[in-house]
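> show me the folded form of this:
(2 chains, ligands or ions: 2)
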Amino acid sequence: MTTGPTEVTDKPAPAAAPARGGILARVTGAGWRRPAVAVLLVLACYAPFQLVPFRVFQLTMVLVYAVALLGLNLLVGHAGQISLGHGAFMAVGAYGAAIMLDRWDVPHLVTLPAAAALAFVLGLGLGLPAVRLRGLYLALVTLAIAIFLVPLLKRFESVTGGSMGLTLAKPAPPAWTGLAEDQWLYFLALAVTVTAFLLAHGLLRSRVGRALHAVRDNETAAEVMGVRLPFYKRLAFAWSAMFAGAAGCVYTWVIGFVSPDSFAVTLSITLLAGLVVGGLGSFAGPLLGGLFVMFVPGISQDINDAAPGVIFGLLIIVVMYVAPTGLAGLAGRLARSTKRILRKE
Amino acid sequence: MNERAGERGADPGPPGGDAFLTVTDLHAGYGEARVLHGVNLTVGRGEICAILGPNGAGKTTLLRALSGMVRVRGAVRLDGADLTRRPPDAVARRGVAHVPEGRGTFMPLTVEENLRLGAFVRRGRGEVEADLERIHGYFPVLRERLRQPAGSLSGGEQQMLAIGRALMLRPRLLLLDEPSLGLAPIVTRELFRIVQTINEQERTTVVVVEQNAHLALDVAGRAHVLETGRIVLSGSAERIRADEQVAQSYLGYRV
Ligand SMILES: Nc1ncnc2c1ncn2[C@@H]1O[C@H](COP(=O)(O)OP(=O)(O)OP(=O)(O)O)[C@@H](O)[C@H]1O
Ligand SMILES: [Mg+2]
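Ligands and ions are numbered 1, 2, ... in the order given. This is a model prediction of the structure:
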């Protein structure tokens, strides 16, 4: 057994070197992740040419939710905190972009970093009281943020458009691409998603990622190791808000319309449910969660038009019963048992 | 001076007077609950010091106060530097490693990730690699389990991991809170033997809180008895062992 520097340090390792065995690798079973991601990316690039525009739009929204959930996953899955107000940060990004587009005609691409930065700063600010709280108290305070938001947006009508919301121009596909609008929006969302995943992955592999895991797994031990709890908790809040802000911005691009009721408390709760169902702290969790947030409320409506909430709740219960570690955990289990069966033959 | 060492309530300091850790009139507590009421304590450079005392006496609180995790009044000095009211990360940077009560294992992380977190405040990767090797020398069992989730280790292995992780800081002062908790006597004895080796080889000063007074007094040079937030007895390990009341309360026999 050697502990050579390439094996385990954070120095840029050659691509062939085994990845550091982090949480991510363990949850998804490491070995088949790279090829799986490659296949997924190829499919993702191929899909918009095969689907009708409405389906392309739906996939685009899956990506938007996946980016938001990536942020929530950092906070809940990796730093062990809780937020029932994640939708509020999505709203900050969405409205931030919308107001920039509406008032100052800011180019679309500029709204993205601006919205993300705005949400980051707000996350830092709201993280300040949040780091003093735990568990239910934290849940309550973040929920309050989400509740507070809708009336706030309605109140400042001159800027936000009040209950009527704001209607905006969508980014137009450049002629050289030859893409239709829905395809162009899809590829924009895909680019943001890929960037966001790379960013989150890099964060988690850094010293900071280790600090977050330490905070999540044992606060006392983390503290005696010299991990500054308030600092890292706040940072986790800020990043999670940043991803939500970016997702909100892309939401505005894609829908071309924002209104307060799109960001009601139910969105925040659906996001948290989506993440838990998708798989907390796992690599694939945000993507699976994105599918959940996009499709399950609609499916519930189809099954029982009168009480979609009931079906939605039942579906969550069923998934959590069958797969207590979320769909990502279930997929990992299935992959492992398939491998076992294949090996036996 | 050593004549007074066994006197109740007095802490004449370590023989030779080379005080490494000095605690003066330390008060600490949690909100309204006052737990330590003016603790005075000196620990000599390179010595192993045992803290004995009944449940709820404030032993854990004392260690938490030393590593900056609870608000304190009074003074804590380490090798001349003032550590009073410094946050835990500043204390860790000063070379104080704390093995918390109940081991503080990061369960889902691997053994290796746990160990690396021990060096969180340190810079210099090459040294960290060397330290991993050094720790495998003390605890060979950890090397075999490097890629396993730490939660899958036995209690004894987790305690070894906790101590190994603390050593990753290259501590000048090692605080151990009840390392024997929940372990078989033979494992505890082995653990204390290793602590003794570490103390000798690395010149690490050790403060160990322990219910198993026999073992603690075997390895310790000096010991202090803490009762309801005050040091009521200090002295060499032999002195403490010979104290009638200690014998009754902590060793389970009459002198
Ligand atoms: N987080 C806390 N909040 C409030 N009171 C606390 C807290 N931790 C400890 N205490 C109180 O402080 C007192 C001393 O506790 P401490 O844990 O320091 O005792 P101890 O000597 O380590 O006991 P034991 O041998 O059982 O570990 C106890 O009365 C306990 O109730
Ligand atoms: Mg204790």
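
> where in the chain is pLDDT low?
I went with chain A, as the question did not name one. Judged by pLDDT under 70, chain A has its weakly predicted residues at A:1-31, A:308, A:344-345.

> meant chain B actually
Using pLDDT under 70, chain B drops low at B:1-17, B:251-255.

> one more time with 50
Flagging of chain B using pLDDT under 50 yields the residue ranges B:1-10, B:255.

> tell me how far stretch B:188-208 lies from the chain's centre.
For stretch B:188-208, the gap between its own C-alpha mean and the chain's C-alpha mean amounts to 10 Å (C-alpha atoms, centre = their mean, to the nearest Å).

> ok, for the residue in the stretch 1-150 of chain B positioned nearest to ligand 2, nearest residue in space, not its chain neighbours?
Checking the stretch 1-150 of chain B residue by residue against ligand 2 with C-beta to the ion singles out B:Thr60 as nearest, at 3.1 Å. For every residue, glycine as well, the C-beta is placed using N, CA and C. By the measure of C-beta to C-beta, 6 or more residues apart in numbering or on different chains, the closest residue to B:Thr60 outside its immediate chain neighbours is B:Glu101, 5.2 Å from it.

> show me the contacts for the one you found.
When the contact criterion is C-beta atoms under 8 Å, 6 or more residues apart in numbering or on different chains, the partners of B:Glu101 are B:Thr60, B:Asp177, B:Glu178, B:Leu181, B:Val209.

> same deal with A:Leu122?
Listed by C-beta under 8 Å, 6+ apart, the contact partners of A:Leu122 are A:Phe89, A:Val92, A:Ala241, A:Gly245.

> who wins on neighbours among these?
A:Phe89 (36 neighbours; other C-beta atoms under 10 Å in any protein chain shown).

> thought it was touching A:Ala119?
Yes - using C-beta atoms under 8 Å, A:Phe89 is in contact with A:Ala119, at 4.9 Å.

> any idea how many residues pack against B:Arg193?
Around B:Arg193 there are 13 residues (other C-beta under 10 Å).

> then A:Val121?
For A:Val121, the number of neighbouring residues by other C-beta under 10 Å comes to 15.

> what about the contacts of A:Leu122, which are in strands?
Where those are compared with strands, as defined by DSSP state E, there is no overlap at all.

> what sits against A:Ala146?
A:Ala146 is in contact with A:Leu84, A:Gly85, A:His86, A:Gly87, A:Ala88, A:Ala264, A:Val265, A:Leu267, A:Ser268, counting by C-beta under 8 Å, 6+ apart.

> for chain B, state which of the residues you listed is nearest.
The shortest gap between chain B and any of those belongs to A:His86, at 22.9 Å (C-beta to the nearest C-beta).

> I figured that closest one hits A:Ile269, correct?
No - applying C-beta under 8 Å, one finds A:His86 not in contact with A:Ile269, separated by 9.3 Å.

> compare these two and say which is more crowded by neighbours.
The residue with more neighbours, out of A:His86 and A:Ile269, is A:His86; 30 against 16, by other C-beta under 10 Å.

> could you show me where the strands are in chain A, in order?
According to DSSP E, the strands that chain A contains are A:166-167, A:257-258.

> including distance to chain B, could the ones you listed go into CSV?
Conversion of the strands of chain A to CSV gives the following (distance: least, C-beta to the nearest C-beta, whole Å):
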stretch, distance to chain B
strand A:166-167, 44
strand A:257-258, 39
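
> now, which of the contacts of A:Ala146 lie within helices?
For the contacts of A:Ala146, the ones inside helices are A:His86, A:Gly87, A:Ala88, A:Val265, A:Leu267, A:Ser268, with DSSP state H as the criterion.

> how about the third one, what does it touch?
Think A:Ala88. Applying C-beta under 8 Å, 6+ apart, we find A:Ala88 in contact with A:Ile145, A:Ala146, A:Phe148, A:Leu149, A:Phe263, A:Ser268.

> separation between B:Pro185 and A:Pro113?
Between B:Pro185 and A:Pro113 the distance is 61 Å, computed by C-beta to C-beta, to the nearest Å.

> repeat that for B:Leu183.
54 Å.

> of these two, which one has the most company?
B:Leu183 (19 against 12).

> sec struct for the more buried one, please.
In the three-state summary, B:Leu183 is assigned as coil, counting by DSSP: H, G, I helix; E, B strand; the rest coil.

> what sits closest to it if chain neighbours are left out?
Sequence neighbours aside, B:Gly156 is the residue nearest to B:Leu183 in space, at 5.1 Å (criterion: C-beta to C-beta, 6+ apart).

> okay, now the one you found: neighbour count?
Neighbourhood size, B:Gly156 [other C-beta under 10 Å]: 19.

> now the element after whichever strand or helix holds it, going C-ward?
Using DSSP states H and E, the secondary-structure element containing B:Gly156 is helix B:155-167. Beyond helix B:155-167 in the direction of the C-terminus, DSSP H and E gives the next helix or strand as strand B:173-177.

> which ones are touching the residue of the stretch 51-200 of chain B found nearest chain A?
Proximity of the stretch 51-200 of chain B to chain A (C-beta to the nearest C-beta) peaks at B:Gly104, 2.9 Å away. Shown in contact with B:Gly104 (C-beta under 8 Å, 6+ apart): A:Asn218, A:Thr220, A:Ala221, A:Val224, B:Ala162.

> ok, which pair from these is furthest apart?
Of all pairs drawn from the contacts of B:Gly104, the widest gap by C-beta to C-beta lies between A:Thr220 and B:Ala162 and measures 11.5 Å.

> now the helices for chain B?
If you assign secondary structure with DSSP H, the helices in chain B sit at B:59-66, B:88-93, B:111-118, B:125-138, B:140-144, B:155-167, B:185-202, B:213-219, B:237-242, B:244-246.

> please export the C-alpha coordinates of the second one as PDB.
Only the C-alpha atoms of helix B:88-93 are listed here, as PDB (Å, rounded to 0.1, in the frame of the first residue of the first chain):
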ATOM      1  CA  PRO B  88     -11.600  26.600  18.100                       C
ATOM      2  CA  ASP B  89      -9.800  26.900  14.800                       C
ATOM      3  CA  ALA B  90      -7.300  29.300  16.300                       C
ATOM      4  CA  VAL B  91      -6.700  26.900  19.100                       C
ATOM      5  CA  ALA B  92      -6.300  24.100  16.700                       C
ATOM      6  CA  ARG B  93      -3.800  26.100  14.700                       C
END
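
> contacts for that helix?
A:223-228, B:66-69, B:83, B:98, B:120-121, B:169.

> and the helices of chain B as JSON lines, adding distance to A:Ala335?
Conversion of the helices of chain B to JSON lines gives the following (distance: least, C-beta to C-beta, whole Å):
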{"stretch": "helix B:59-66", "distance to A:Ala335": "44"}
{"stretch": "helix B:88-93", "distance to A:Ala335": "40"}
{"stretch": "helix B:111-118", "distance to A:Ala335": "23"}
{"stretch": "helix B:125-138", "distance to A:Ala335": "32"}
{"stretch": "helix B:140-144", "distance to A:Ala335": "27"}
{"stretch": "helix B:155-167", "distance to A:Ala335": "30"}
{"stretch": "helix B:185-202", "distance to A:Ala335": "38"}
{"stretch": "helix B:213-219", "distance to A:Ala335": "48"}
{"stretch": "helix B:237-242", "distance to A:Ala335": "57"}
{"stretch": "helix B:244-246", "distance to A:Ala335": "59"}
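
> which of those helices sits closest to ligand 1?
Taking C-beta to the nearest ligand atom as the measure, the helices of chain B were each checked against ligand 1, and helix B:59-66 came out nearest at 3.1 Å.
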